[in-house]
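>>> Give me a 3D structure for the following:
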Amino acid sequence: MRALNQRLVLDRLRTQGEATRPQIAGDTGLSKPTVGQALLDLEQHGLVRTTGRSLAGPGRAAVVYRAAPDAGHVVGVDIGRRAIRIAVADLEGSIVARLDEPNRCRSASALVRTVSESVERAVASAGLAPHDVVATVVGTPGVPDPATGTVHRAPNLPGWERRGVLHELVAALAGAGSDVVVENDANLCAVGEHALGAALGVDVLVCLTVGTGIGMGVLVEGRLFRGAHGAAGEIADLPFGPLPSAAGPRRPGPMETAAAGQAVVDAARSAGLTVRSAKDVFRLARSGDARASQVVAEEAEKLAYVVAAVTAVLDPGLIVLGGGIGGNADLLTAPMRRALAATVPVVPEIVAGQLGSDAVLAGAIATALGTARELVFDRRGLQRAAGVG
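Residues are numbered from 1 along each chain as shown. Next up is the predicted model:
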């Protein structure tokens with residue numbers, strides 16, 4: 001019971017902010033002596049601290065308490081084909097260190113080593129020791145399979161589909177005791193936009209990420225939906241055109257081949273444009289180039305095909321576009337809506353993601369915080385001190 005009271009008081013401070021003992025008692029329904037004992041225990045274990053005294057109201061000023069943000073830290077990692085992004089945050093989600101670097105790795109072993117060394121540098125730059133990190137969440141393309149240590153459907157990262165690579169990554173990042181989770185990047189994009197971006201308060205949403213690859217994260221009732229095997233949202237495999245005769249495990253899927261970054265570049269070149277990247281195509285379309293605009297319109301129709309299929313099954317309240325291509329929502333949403341209006345009875349709202357290239361990282365931090373806040377409580381020995389466990 002003592003540990004439950006401590007959790008209740010700590011959750012009150014984390015969710016609603018600093019408060020006095022009478023305020024906490026009123027909000028939790030606990031007696032003032034019970035709140036006082038819980039605050040004493042939490043303060044002794046470094047999870048709560050005082051911030052001063054309240055001057056509101058008559059009588060003696062009351063002590064104000066807050067949850068200690070530096071009682072633990074989390075790390076978020078976004079592994080992309082072209083860049084690796086890392087952030088270190090305290091328990092309030094405030095970023096205390098950030099590291100972005102190009103991904104030049106040509107093998108899975110090199111990528112594991114680079115990620116591990118980069119995390120070490122980021123943690124050190126925050127003035128922290130490795131044991132200060134309570135939870136680490138890594139976003140990666142593909143479908144992580146913890147049982148075999150394999151990432152399925154990640155053809156854009158050289159060697160990343162090798163069996164056992166996840167075990168190597170987790171071992172490299174968990175050396176100081178951090179809880180490590182590897183999650184699909186589109187899933188984390190959806191979590192990030194739901195926590196901090198364009199999808200705040202939306203119960204059923206889809207985050208469609210289009211860049212080097214194509215993926216989708218789904219939240220139902222505000223919770224991440226992974227499916228029975230963790231492969232929900234792998235829309236790279238969605239049929240587009242004639243069905244392939246064989247589905248090789250390492251080839252890009254039909255939808256990825258048709259609508260991801262390279263497809264946009266190929267279509268532009270076929271139209272006679274000299275471009276190096278999809279970014280060039282969208283830049284030309286914004287400048288009024290008719291051929292580039294046509295390529296963009298065709299890309300929007302392909303993405304509408306994906307959204308129509310998803311809408312028929314999930315009926316999402318919101319479609320969030322993310323990724324290097326999806327970030328061009330100003331050019332994509334209007335033709336997508338026109339195509340959808342001829343296909344589905346109710347066209348969902350389609351918006352640009354608000355977090356840009358930081359969406360996956362934001363989702364990783366949000367996910368890690370959910371784990372870390374519980375782990376910190378356990379690690380500080382509060383349950384043992386309270387005679388629980």
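
>>> I'd like the next helix or strand past the top helix by length along the chain.
Assignment by DSSP state H gives helix 290-314 as the longest helix of the chain. Counting by DSSP states H and E, the element after helix 290-314 in chain order, helix or strand, is strand 318-322.

>>> Can you name the next helix or strand after that next one?
Once the chain leaves strand 318-322, the next helix or strand it forms, by DSSP H and E, is helix 323-326.

>>> Report the rounded mean pLDDT for that following helix.
Helix 323-326 shows an average pLDDT of 93 in the prediction.

>>> Can you name every helix or strand that the very next helix or strand once past that helix contacts?
Downstream of helix 323-326, the next assigned helix or strand under DSSP H and E is helix 329-341. In this structure, helix 329-341 makes packing contacts with helix 278-286, helix 290-314, strand 318-322, strand 349-352, judged by 3 or more C-beta pairs under 8 Å, 6 or more residues apart in numbering; DSSP states H and E. All C-beta spots, glycine's among them, are computed from the backbone N, C-alpha and C.

>>> Contacts for helix 329-341 next, please.
Here helix 329-341 makes contact (C-beta atoms under 8 Å, 6 or more residues apart in numbering) with 282, 285-286, 296-297, 299-301, 303-305, 307-308, 311, 321, 325-326, 347-348, 350-353.

>>> next one: stretch 9-28
Under the criterion C-beta under 8 Å, 6+ apart, residues 8, 30-32, 34-36, 38-39, 42, 47-48, 51, 54, 62-67, 91, 373, 377 lie in contact with stretch 9-28.

>>> Emit the ChimeraX select command for whichever of the residues you listed are buried.
Buried residues within those, by 16 or more other C-beta atoms under 10 Å, are selected in ChimeraX with:
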select :8,30,34,35,36,38,39,42,47,48,54,62,64,65,66,67,91,373,377
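
>>> quick one, which of the helices and strands packed on helix 329-341 is packed in tightest?
A comparison of these by mean neighbour count, using mean count of other C-beta atoms under 10 Å, puts strand 318-322 on top with a mean of 27.

>>> So which of the contacts of stretch 9-28 belong to helices?
In helices, defined here by DSSP H, the members of those are 8, 32, 34, 35, 36, 38, 39, 42, 373, 377.

>>> now, the most widely separated pair of those residues?
Greatest spatial distance in the ones in helices among the contacts of stretch 9-28: 32 and 373, 24.9 Å, computed using C-beta to C-beta.

>>> mind listing the strands in the stretch 151-300 of the chain by residue range?
Counting by DSSP state E, counting those that start in this stretch, one finds strands in the stretch 151-300 of the chain at the ranges 179-184, 205-210, 214-220, 223-224.

>>> Partner strands of the shortest one, with direction?
If I follow you right, that is strand 223-224. Strand 223-224 pairs in its sheet with strand 214-220 (antiparallel), by DSSP bridges.

>>> With just CA atoms, put the strand it pairs with into CSV.
Provided in CSV are the C-alpha atoms of strand 214-220 (Å, rounded to 0.1, in the frame of the first residue of the first chain):
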residue,chain,number,x,y,z
ILE,A,214,7.6,3.8,-47.6
GLY,A,215,5.9,2.8,-44.4
MET,A,216,2.9,3.4,-42.2
GLY,A,217,2.3,3.6,-38.4
VAL,A,218,-1.2,3.0,-37.0
LEU,A,219,-2.6,4.1,-33.7
VAL,A,220,-6.0,2.8,-32.6
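
>>> I'd like the mean pLDDT over stretch 134-154, please.
Mean per-residue pLDDT for stretch 134-154: 94.

>>> go on, stretch 99-112?
pLDDT averaged over stretch 99-112 gives 96.

>>> First-to-last residue distance for that stretch?
16 Å (C-alpha to C-alpha, to the nearest Å).

>>> Contacts for it, please.
Here stretch 99-112 has contacts from 79-87, 114, 118, 121-122, 125, 157-160, 162, 165, 168-169, 172, using C-beta under 8 Å, 6+ apart.

>>> swap the cut-off to 7 Å and go again
Applying C-beta atoms under 7 Å, 6 or more residues apart in numbering, the external contacts of stretch 99-112 come out as 80-86, 114, 118, 121-122, 157-160, 162, 165, 168-169, 172.

>>> Please indicate which of those residues are buried?
The neighbour count (16+ other C-beta under 10 Å) marks 80-81, 84-86, 114, 118, 122, 157, 160, 165, 168-169, 172 as buried among those.

>>> Can you tell me which of those residues end up in helices?
Going by DSSP H, the helices hold 114, 118, 122, 165, 168, 169, 172 from the buried ones among the contacts of stretch 99-112.

>>> thought the last one was touching residue 116?
Yes: look at residue 172 against residue 116 with C-beta atoms under 7 Å: they come within range, at 3.9 Å.

>>> And the lowest mean pLDDT element among the helices and strands of this structure?
helix 382-385 (a mean of 49; mean pLDDT, DSSP states H and E).

>>> Among the helices and strands packed on helix 329-341, which comes closest to residue 143?
Of all the helices and strands packed on helix 329-341, helix 290-314 comes closest under C-beta to C-beta, at 17.5 Å.

>>> what's in contact with that closest one?
204, 206, 208, 210, 218, 235, 238, 240, 255, 258-259, 264, 267-268, 271-273, 281-282, 284-285, 316, 319, 331-332, 335-336, 339-340, 343-344, 348.

>>> re earlier: put together a markdown table for the helices and strands packed on helix 329-341, with distance to residue 23 on each row.
Shown next, in a markdown table, are the helices and strands packed on helix 329-341 (distance: least, C-beta to C-beta, whole Å):
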| stretch | distance to residue 23 |
| --- | --- |
| helix 278-286 | 51 |
| helix 290-314 | 41 |
| strand 318-322 | 35 |
| strand 349-352 | 37 |
